[in-house]
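Participant: next comes the sequence, and after it the predicted model I'd like to discuss.
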Number of protein chains: 2
Amino acid sequence: MSRQGLTAGLAEAVRTSQPERAIAAMREAKKGLLDFTAASFAGREDKGIQKLLRLIEDEGGASLVPIIGQGKKAAPLQSAMLNGFIAHALDFDDVHSDVRGHPSAVIVPALMASAARGYDERLLGAYIVGVEVMARLGESIGGRHYEKGWHNTGTLGAIAAACAAGYAEELTQEELEKAIGFAATQSAGMRVQFGTEMKPLHAGLAAQAGLLAVKLAHSEFGGSRTALDGDTGFFGLYGDLEKAQNTLLNRWGAPWRIVKPGLWFKIYPFCSAAHHAADAVRKLVSEEAISAANTERIEVIFPPGGDAALTERSPKTGEEGRFSVEYVIALALHGHELNAEHFNSQPIPSVIQTTIGHIQRVYDNAIQAAPHAVPKGRFTIVRAYLSDGRICEARVDCPKGAPGNELSEEDIKEKLTLTVPHEKARHIITAVEKADIKEFLAHIG
Amino acid sequence: MSRQGLTAGLAEAVRTSQPERAIAAMREAKKGLLDFTAASFAGREDKGIQKLLRLIEDEGGASLVPIIGQGKKAAPLQSAMLNGFIAHALDFDDVHSDVRGHPSAVIVPALMASAARGYDERLLGAYIVGVEVMARLGESIGGRHYEKGWHNTGTLGAIAAACAAGYAEELTQEELEKAIGFAATQSAGMRVQFGTEMKPLHAGLAAQAGLLAVKLAHSEFGGSRTALDGDTGFFGLYGDLEKAQNTLLNRWGAPWRIVKPGLWFKIYPFCSAAHHAADAVRKLVSEEAISAANTERIEVIFPPGGDAALTERSPKTGEEGRFSVEYVIALALHGHELNAEHFNSQPIPSVIQTTIGHIQRVYDNAIQAAPHAVPKGRFTIVRAYLSDGRICEARVDCPKGAPGNELSEEDIKEKLTLTVPHEKARHIITAVEKADIKEFLAHIG
């Protein structure tokens, strides 16, 4: 443990960061921004957006910050909430294994609404710092945090967003310490909301809380400067103080967490915990020609707890299906592409429901995960029992998109052009390549 | 435990309440509204208000809801945050021993901003329901919740505010279940912020979160309908699920918690945990003529843990002094009135600091609290060792203002006229007596 407290130490690490000099980190930040845009545009017709737009229209507010893909602007705090929701609406946005949650959907909306000093490399740097903070919070808070029922995107996101925006706005040491505390004392989000519209709103609320924290610090509002420290501080209350003391500030930015383990850019619009099974079943469909017609039953095998995020065993709608490995496998067995149209609020057809009934989860703690597994210790085996007596299986430890099996820059640009109108996509790619964030914001609305 | 889940049971209890028929509860609600107004006006020049007003002015928003004592209006969600802060700014607002926190500072601002169906008895009924919910949440969450570091005003306030506003707006069963979940998943607030401006803002943020929850439910936003239930639900995560199952819905409204144990209306603008000592030292000053000049040292004796809220042993400012029993006693020893002017952001004079240095906390678990003690099990003894060798002491188990030693309606009207301009106070008293909340709102701004 550093002799400095955790809050002061984190503020100092953030404030004195120089991520703009790290070429690999800047490259990943640019990929992250493009993937964030692709995921957000893919969700831009989600019904929840209209509900939230009506809600903030009743409130009124200055039209200052673009709302992604809506051709509208809103007040800064409102925009953070709404853009966070849009980015995470389909669960198609990046995840990070240290976070056990979604960093960009919280950090980027807060940065879009911040009063940054420069809309250039510094804003990309702020994004790198935000990911660094959220990854370290995730590691430091300990595994029990998520397992108890917290949604890390919500509970860790506010502090990360505050640090990112605080870096962008060049807060002083004291302001940053207070901003961390203002964010910590707003940290919330429960996993019971998984499978509902409230889950993506957690990202928006965390972005809003982080931005409010920076605004309060800027206005010299009074607050604790040691909110992460001690038994009743953030780590003592939400997690594991001792672990935090050993890990939070250890080897800051060496390498940057946005580079290693890196962001996981998704190729499917559903919970990352089902991506292993999705890759596996697609392999069986294409290589072994398994289908709903010729398969009697499926076993899907996890290490114990490996399916904690997959809360829906009998989903009723595509939205709930984002958290159902059974639904994902059943879709593939029926020859469907695993794309956004199957994961909206429509009811799941009964023919798919029937197939879901033939899929069973199994836990096996004797099987070792591969050293390159993502997340660490995770694997999924899909085992099909065919009507002709054959049994075939496929195993995935590191799904496509995850670090170690990552999407290339070209893959991400392709993902972008699948969701964003062509002309707009071209402008956004050019703006991000030039680190011209003003131009990026001009086209994202 | 009811066979219904906790969330459904709470929603049903709220929805089917008929508090308007309970004469004693309605009388207490009227007293509560007047005391809320008095406490808010007492804090209307607090410096934090200007900081928050500037912050929301940057956001813009519709001018719809009055901001107490400021001659301004703001958008509903903004007003809930700001009015909650104002009500709790001086810590002069009511507390409730079941809550271990401040119900009215959260519930009333949410109701002021809600789209209630009727601005008459129904809104007073909604206030009674809100207090009922917050008291039961406080009892059900268990004592460990506060001790671990949560600030109950923040963590319990959002659900209470959502239930109050949900009752006022006549939400359906499903809407109310979801609103409870939307509030639960935003529940936050850490005690490390005690003694700073962030502490009163917790009341405002909880009011805002509760109001947002109702707005989301109204707009058919999707969310969990069972957020209080199960190991990963609200009680499992923040408190004690088993205790909640036994107490949350037991004997709802019989009697209403606003009547028994009832709200504690304060006669001093500082943390209620120091009120026993304040009454005791004032008694010694007036009856035994003790003073800073003739007293060598003071012992202030609590049951173990009885001073948990009194986090400041060496306060630097009057604001920190709101949580310092030492400061309160030292002020009295120097002949000062214990009024708002001593509890602002000004530094504490060195002569008072010196006296603070002669005051020592002592814990005695052999002493029994009186049966009528408020809160249950609490007492404080102030023991003075005088320079002439005399030792004198005073003991208080139920301070002035607390249930059992309560302020009369006349006392509260007097408290109101001390802080609110005369003409305004007259209008407000008449409006509250007639349950004309439109008129009340017309004069509170």
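Facilitator: That came through fine. Please read these numbers as outputs of a predicted model, since none were measured by experiment.
Participant: residues touching the residue of the stretch 151-300 of chain A found nearest chain B, list them.
Facilitator: Per C-beta to the nearest C-beta, A:T232 is where the stretch 151-300 of chain A lies closest to chain B, at 3.1 Å. For every residue, glycine as well, the C-beta is placed using N, CA and C. Contacts for A:T232 (C-beta atoms under 8 Å, 6 or more residues apart in numbering or on different chains) come out as B:148-149, B:190-192.
Participant: so what's it closest to, chain neighbours aside?
Facilitator: Residue nearest to A:T232 in three dimensions, not counting chain neighbours: B:G149, with 3.1 Å by C-beta to C-beta, 6 or more residues apart in numbering or on different chains.
Participant: thinking again about what came up before, for the residue of the stretch 151-300 of chain A closest to chain B, give me phi and psi.
Facilitator: Note on A:T232: its backbone torsions stand at phi -100, psi 10 [degrees, to the nearest 10].
Participant: and the pLDDT for it?
Facilitator: Here, the pLDDT recorded for A:T232 equals 97.
Participant: residues in contact with A:A332?
Facilitator: Per C-beta under 8 Å, 6+ apart, neighbours of A:A332: A:278, A:281-282, A:285, A:338.
Participant: for PyMOL, what selects the buried ones among these?
Facilitator: Command for PyMOL, covering only those of the contacts of A:A332 found buried under the criterion 16 or more other C-beta atoms under 10 Å in any protein chain shown:
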select buried, chain A and resi 278+281+282+285+338
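Participant: can you lay out the contacts of A:A332 as CSV showing distance to A:D91 and pLDDT?
Facilitator: Shown next, in CSV, are the contacts of A:A332 (distance: C-beta to C-beta, whole Å; pLDDT from 0 to 100):
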residue, distance to A:D91, pLDDT
A:A278, 13, 98
A:V281, 18, 98
A:R282, 18, 97
A:V285, 22, 97
A:L338, 12, 94
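Participant: and the contacts of A:A332, which of them are in helices?
Facilitator: The helices, defined by DSSP state H, take in A:278, A:281-282, A:285 from those.
Participant: need the strands for the stretch 1-150 of chain A, in chain order.
Facilitator: A:65-67, A:72-74 (DSSP state E, counting those that start in this stretch).
Participant: from the ones you listed, which stretch is densest packed?
Facilitator: Each of those was scored by mean neighbour count; the highest is strand A:65-67, a mean of 23, by mean count of other C-beta atoms under 10 Å in any protein chain shown.
Participant: quick one: mean pLDDT over that strand.
Facilitator: In the prediction, strand A:65-67 has an average pLDDT of 97.
Participant: list the strands paired with it, with their directions.
Facilitator: Sheet partners assigned to strand A:65-67 using DSSP bridges are listed as strand A:72-74 (antiparallel).
Participant: who touches the partner strand?
Facilitator: Residues from elsewhere that reach strand A:72-74, judged by C-beta under 8 Å, 6+ apart: A:53, A:56, A:61, A:63-67, A:79, A:82, A:445.
Participant: buried subset of the residues you listed as a PyMOL selection?
Facilitator: Buried residues within those, by 16+ other C-beta under 10 Å, are selected in PyMOL with:
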select buried, chain A and resi 53+56+61+65+66+67+79+82
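Participant: check the contacts of A:A332 one by one and keep those near chain B.
Facilitator: For chain B, no contacts are drawn from these by C-beta under 8 Å from any C-beta of the partner chain.
Participant: number of nearby residues for A:R225?
Facilitator: Number of residues near A:R225 (other C-beta atoms under 10 Å in any protein chain shown) recorded here: 20.
Participant: and it, what's its pLDDT?
Facilitator: Per-residue confidence for A:R225 comes out at a pLDDT of 98.
Participant: phi first, then psi, for it.
Facilitator: Dihedral angles (degrees, to the nearest 10) for A:R225: phi -100, psi 0.
Participant: ok, now how distant is it from B:G195?
Facilitator: 12 Å (C-beta to C-beta, to the nearest Å).
Participant: check A:R136 too.
Facilitator: 28 Å.
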